[in-house]
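# fold the following for me, if possible:
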Amino acid sequence: MPRKSFGYMLAVSLCAPVLAVGQPTPPQPVAIIHANANLVVVDVVVADARQNPVHNLTVADFELIESGHAQTLKVFEEHTANAAAELSPLPKLDPGTFTNYSPTPARGALNVLLLDMLNTPQKDQIYARDQVLKYLKSARPGTRIAIFGLSSQLRLIQGFTSDPELLRAVVSGKSATPSGSALLTNPVAGDAPGADNLFMDSATTAFGNSPDGAAMLANLQQFEAEQQSFMLQLRARYTLDAFNEIGRYLGHLPGRKNLIWFSGSFPVNILPDENVKDPFSVEASSEKEFRETVDLLARCQVAVYPIDARGLMTSPMLSVANSGSRYAKDPTASVKDGNALFRTNAEERGTMIQIADATGGKAFMDTNGLKEAVEKAVDAGSNYYTLAYTPTNQKWKGDYRKIQVKVAHEELTLAYRRGYYADDPSATTHLGDAKDSSTDQAPYSAARAAMLRGGPDPTQIIFEANVRPSTDGIEPNLAPGNKGNSKVSGPYRRYTVYFTADPRDIECTVTPDNVHHCVLEFRTFVYDVDGALLNSQSDGIKVEIPASRYAAIQHGGFQYRQQISVPARGEYYLRIGIHDDTTDRVGAIELPVSAVSKLPSLSSKAPAPAATSTPR
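Purely as a prediction, here's the structure:
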């Protein structure tokens, strides 16, 4: 079985306000941060005057200041994008057989494309999708990308993959089809003043000649303004919730994540401004979620790159479509709408810049080259330096601490997160009382992260999984040992999963009598299209293998069999994983059930899975 080389790993507890270091050391040689103190991790993108990434700086070139006090760097690491190279072909596998082996190095930043259909006019969604498809045709080999869609809720459209053909198929497919937002005044043209005057023009004509027309028109205008304000608040809330969900999802994954956000109408004030005395005064009721969002994105190493999907904008008041509107009857209307458009654009652009600055990203505005914007965002977010330090101020009072990074070369520009909230790292926090936070603040778990729907396929353990329908028919109950979601009911179709793991990736302790003691866990999870876990099978095994049998395993691999039940109707995904308890290594594969549902089933007379948890 092909081998996979492993690169840099940051062994820290992920997504803590201050990162507590001290994980077990993996047996393979990787770069590990060892410390007995709390570290603050800051990723810094350094660019020259032409916005090209700058490489080969040393720790002596950097100075980091927290709230006016110089800090001593404990960790310094440079990260560079994978150079384009000739990749070896994937192994040819039999139908129903899948592997997490990939010729692409599993290192570098993760990239998330967020297609915002909630805040983007439909015409701009179409253009943005076309630009994304053009980018994917020339994306650097090995670039790992996931795709989310945002409407009234967040949807995972495609989990992390470096397969450009798969990504193009997904973006071109039904799941990423542009759609009108019910919370935009004009779902096609957007909310810009003057973009949708037909209704008000008709109302003016209808009420203008009636005795009470002026009062009725004023009431209608007031109602329209209140409706627009309400819809804006809803969009801000849904957008903020989406960023929280993405932060929680990416927080389980190590390393830097670049969130490339395509949007065409940015809700204002969705993040606080640390430069004002009371950054949450704009909406006191959302103070808690504002703070959680900033904390999540910054401490989980998520840098936001907003891209204005509207491109280079022109005033809709100058459009020929408005030539017969109220502008012809009321010359002051054009001026009023023009001033309103200016204020709206200023607020939206301020939001874009604010989000980018707070998380170490960059905003792209007033450009029709959205493809080039994606390229620049991915390139910038893949070439960076990781700095980490132990704060000299060890008093954790929840105050906001500003971070300032300087380099010795004045002509260089830097992008990095601008601060953090100094919450007590030992205190228990609860993110979002309305949400299930049972896993949000749990210590980082490699096994749990490996089984996240749509997450990168970890390759510390290379393995193959053969998945076949167990029988042709359906059944009312779950397979023995399955733990189903109580909200899901049958009928089900049962599938058999055969694991074959590379023994070189699994470490067994050896006793003086040459007996190998191995502790493994095999998992198969069933998810729906929205990422809800519907069913699971987890088998932990402890085996003692004599030397004679262990030699045979070295040739045939560690083998195991599970059975899992999937609802008979609907679209579902299988997430299949292996965890070596001795070394905490993991491997995982994800596949749509539709990829195996039409394969010939195993014989109904095939032997049932072994009752004891031992490798086959």
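# show me the contacts for residue 49.
Each residue near residue 49 by Cβ atoms under 8 Å, 6 or more residues apart in numbering is listed here: residue 411. For glycine as for every other residue, the C-beta is placed from the backbone atoms N, C-alpha and C.
# same thing with residue 51?
Contact analysis of residue 51 by Cβ under 8 Å, 6+ apart lists 376, 380, 413.
# check residue 80 too.
Contacts of residue 80 by Cβ under 8 Å, 6+ apart are 53, 55, 382-383.
# just the buried ones from the residues you listed?
By neighbour count, with 16 or more other Cβ atoms under 10 Å, the contacts of residue 80 hold 53, 382-383 as buried.
# returning to that earlier point: select from the contacts of residue 51 the one having the most neighbours.
residue 380 (24 neighbours; other Cβ atoms under 10 Å).
# what segments of this structure are helices?
Listed in chain order, the helices of the chain (DSSP state H) span 122-137, 164-172, 198-207, 213-251, 287-299, 326-329, 331-359, 370-382, 446-450, 547-556.
# against residue 266, how distant is the spatially closest residue to residue 265 that is not a sequence neighbour?
Leaving aside its chain neighbours, residue 265 sits nearest to residue 119 (4.4 Å; criterion: Cβ to Cβ, 6 or more residues apart in numbering). Distance of residue 119 to residue 266, computed by Cβ to Cβ, to the nearest Å: 6 Å.
# over to residue 54?
Residue 54 is 30 Å from residue 266, by Cβ to Cβ.
# higher neighbour count, the two?
Ranked by neighbour count (other Cβ under 10 Å), residue 54 and residue 266 place residue 266 first, with 27 against 18.
# where does the stretch 1-150 of the chain dip in pLDDT?
For the stretch 1-150 of the chain, residues meeting the criterion pLDDT under 70 lie at 1-37, 82-90, 103-107.
# change it to 80
Counting by pLDDT under 80, the stretch 1-150 of the chain shows low-confidence ranges at 1-38, 82-91, 102-108.
# which residues in it form strands?
Here the stretch 1-150 of the chain has its strands, by DSSP state E, counting those that start in this stretch, at 19-20, 38-47, 62-66, 69-71, 73-79, 97-99, 110-116, 144-150.
# could you give the number of residues near the nearest residue to residue 154 once chain neighbours are set aside?
Spatial nearest neighbour of residue 154, chain neighbours left out: residue 242 (4.3 Å); criterion: Cβ to Cβ, 6+ apart. Per other Cβ under 10 Å, the neighbour tally for residue 242 reads 23.
# my read: residue 242 touches residue 156, true?
No - the criterion here is Cβ atoms under 8 Å, and residue 242 misses it with residue 156 at 11.4 Å.
# any residues in contact with both of those two?
Residues touching both residue 242 and residue 156 by Cβ under 8 Å, 6+ apart: residue 148.
# show me which helix or strand of this protein is least confident by mean pLDDT.
When each helix and strand of the chain is scored by mean pLDDT, DSSP states H and E, strand 19-20 comes last, with a mean of 39.
# next, the residue nearest to residue 265: phi, psi?
For residue 119, the backbone dihedrals are phi -110, psi 10 (criterion: degrees, to the nearest 10).
# residue contacts, it?
150, 181, 184, 235, 239, 263-267.
# same check on residue 353?
Going by Cβ under 8 Å, 6+ apart, residue 353 touches residue 363.
# show the pLDDT at it.
Here, the pLDDT recorded for residue 353 equals 83.
# how far away is it from residue 365?
Using Cβ to Cβ, one obtains 8 Å as the distance from residue 353 to residue 365.
# please apply the same query to residue 408.
Using Cβ to Cβ, we find residue 408 at a distance of 31 Å from residue 365.
# okay, the two: which has more neighbours?
Using other Cβ under 10 Å as the criterion, residue 408 and residue 365 rank with residue 365 on top: 18 against 11.
# now the more buried one: how far from residue 389?
33 Å.
# likewise for residue 563?
The gap separating residue 563 from residue 389 is 50 Å, by Cβ to Cβ.
# ok, residue 517 next?
Computed as Cβ to Cβ, the residue 517 to residue 389 distance reads 41 Å.
# those two: which is more packed in?
A side-by-side neighbour count of residue 517 and residue 389, using other Cβ under 10 Å, places residue 389 first with 21 against 13.
# okay, the more buried one: pLDDT?
Note on residue 389: pLDDT of 95.
# OK, contacts around it?
39-40, 42, 64, 66, 71-75.
# do that again at 7 Å, thanks
Shown in contact with residue 389 (Cβ atoms under 7 Å, 6 or more residues apart in numbering): 39-40, 64, 71-74.
# cool, residue 131 as well?
Contacts of residue 131 (Cβ under 7 Å, 6+ apart): 370-371.
# distance of it from residue 311?
Noted for residue 131: a distance of 9 Å to residue 311, by Cβ to Cβ.
# closest to residue 462 out of the contacts of residue 80?
Set against residue 462, the nearest of these by Cβ to Cβ is residue 382 (24.5 Å).
# sorry, back to before: nearest to residue 115 among the buried ones among the contacts of residue 80?
Nearest to residue 115 among the buried ones among the contacts of residue 80: residue 382, at 20.7 Å, using Cβ to Cβ.
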